[in-house]
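S.K.: Kindly generate the corresponding structure for this input.
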Amino acid sequence: MAPRDILHRISGDLRLALGLLTRLPLPGAPDMGRGAAAAWAWPLAGLAPGGLMVLAVWAASGLGEGLAAALGLAVAAMATGAMHEDGLADTADGFWGGWTVERRLEIMKDSRIGTYGVLALILSLLARWSLVAGLVGSDAFAPVVLSAAMLSRGPMVGLMAWMEPARPGGLSRAVGRPPLSAAWLGGGVALLLALLLCGGAAIWAALAAVVVAVALGRVAQAKVGGQTGDVLGASQQLSEIAVLAVLSSALP
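M.R.: Below is the predicted model of the structure:
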């Protein structure tokens, strides 16, 4: 393949990833032809909400670490349409609010939020807020946030490649099942960039994200028989917490 064709494919996959995982305005409609094969670019798409979070925190740093971190998390959520937060809430409600596979999937599809979902969102936001607030003002802030944004989206591709969709419809089934090569490429790109930003600590952070994603995948298999778009969103949220925790403790 010619270099021009390679660059065209990379830019097309990245636009498709941004169109799927963010609510940022993009010129023109992304090319859907590559489908799930473009999922390797999901970690790179994470740089958009991650970068906006960094800029928001820097802009609000004079208001104090806690408020700046809260504003940064709000901006990142708006950039993604809070789709990952929604996935976490629906997963918590479905997994622990239903007694059968069918009922769990029905609850996860319901737009209403229940007690388990509220608790999951509160705990996730508290965890991420405390970790981000602890980094505000340090040299490690931007590298850690950007690395977490990438490394937390790699497991989403891995879960899609590893597990069958749990329901016949939905986002996960519509996007398709990426090849294992896309999962390896996406994870490798995320890890390489995180290594450049955070050094060797990125390896441990990536391992933490993988452990969290595998654990969630096993629970999902037991609860609903596969993965859904909500499970993928939950994996991003939980992996982000794991990555932020590891890097925050490893870097000065």
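S.K.: So which residues of this structure form helices?
M.R.: Listed in chain order, the helices of the chain (DSSP state H) span residues 3-21, 42-45, 47-60, 65-80, 83-97, 101-109, 115-135, 141-151, 154-162, 171-175, 180-198, 201-224, 229-250.
S.K.: Return the fourth one as CSV; C-alpha atoms alone will do.
M.R.: In other words, helix 65-80. The C-alpha trace of helix 65-80 is given here as CSV (Å, rounded to 0.1, in the frame of the first residue of the first chain):
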residue,chain,number,x,y,z
GLU,A,65,-7.6,21.8,42.5
GLY,A,66,-11.0,20.4,43.4
LEU,A,67,-13.1,22.7,41.3
ALA,A,68,-10.7,22.6,38.4
ALA,A,69,-10.8,18.8,38.4
ALA,A,70,-14.6,18.8,38.5
LEU,A,71,-14.8,21.2,35.5
GLY,A,72,-12.3,19.0,33.6
LEU,A,73,-14.3,15.9,34.1
ALA,A,74,-17.5,17.8,33.1
VAL,A,75,-15.9,19.0,29.8
ALA,A,76,-14.6,15.4,29.0
ALA,A,77,-18.1,14.0,29.7
MET,A,78,-19.7,16.6,27.4
ALA,A,79,-17.1,15.8,24.7
THR,A,80,-18.2,12.1,24.7
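S.K.: Could you list the buried residues of that helix?
M.R.: If you call a residue buried by 16 or more other Cβ atoms under 10 Å, then helix 65-80 has these buried ones: E65, A68, A69, A70, L71, G72, L73, V75, A76, A77, A79, T80. Every C-beta, even on glycine, is put in place using the N, C-alpha and C of the backbone.
S.K.: List of residues touching it?
M.R.: Helix 65-80 has contacts (Cβ atoms under 8 Å, 6 or more residues apart in numbering) with 21-24, 48-50, 52-57, 60-61, 63, 85, 125, 128-129, 132-134, 136-137, 145, 149.
S.K.: rewinding a little: TSV for the helices of the chain, including mean pLDDT and distance to G35?
M.R.: Listed next are the helices of the chain as TSV, based on pLDDT from 0 to 100; distance: least, Cβ to Cβ, whole Å:
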stretch	mean pLDDT	distance to G35
helix 3-21	82	8
helix 42-45	96	13
helix 47-60	96	21
helix 65-80	96	20
helix 83-97	95	18
helix 101-109	92	22
helix 115-135	97	29
helix 141-151	97	21
helix 154-162	94	11
helix 171-175	61	7
helix 180-198	95	10
helix 201-224	96	21
helix 229-250	96	15
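S.K.: In TSV: those helices, plus distance to A36.
M.R.: Shown next, in TSV, are the helices of the chain (distance: least, Cβ to Cβ, whole Å):
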stretch	distance to A36
helix 3-21	10
helix 42-45	10
helix 47-60	20
helix 65-80	19
helix 83-97	17
helix 101-109	21
helix 115-135	26
helix 141-151	19
helix 154-162	7
helix 171-175	5
helix 180-198	7
helix 201-224	17
helix 229-250	12
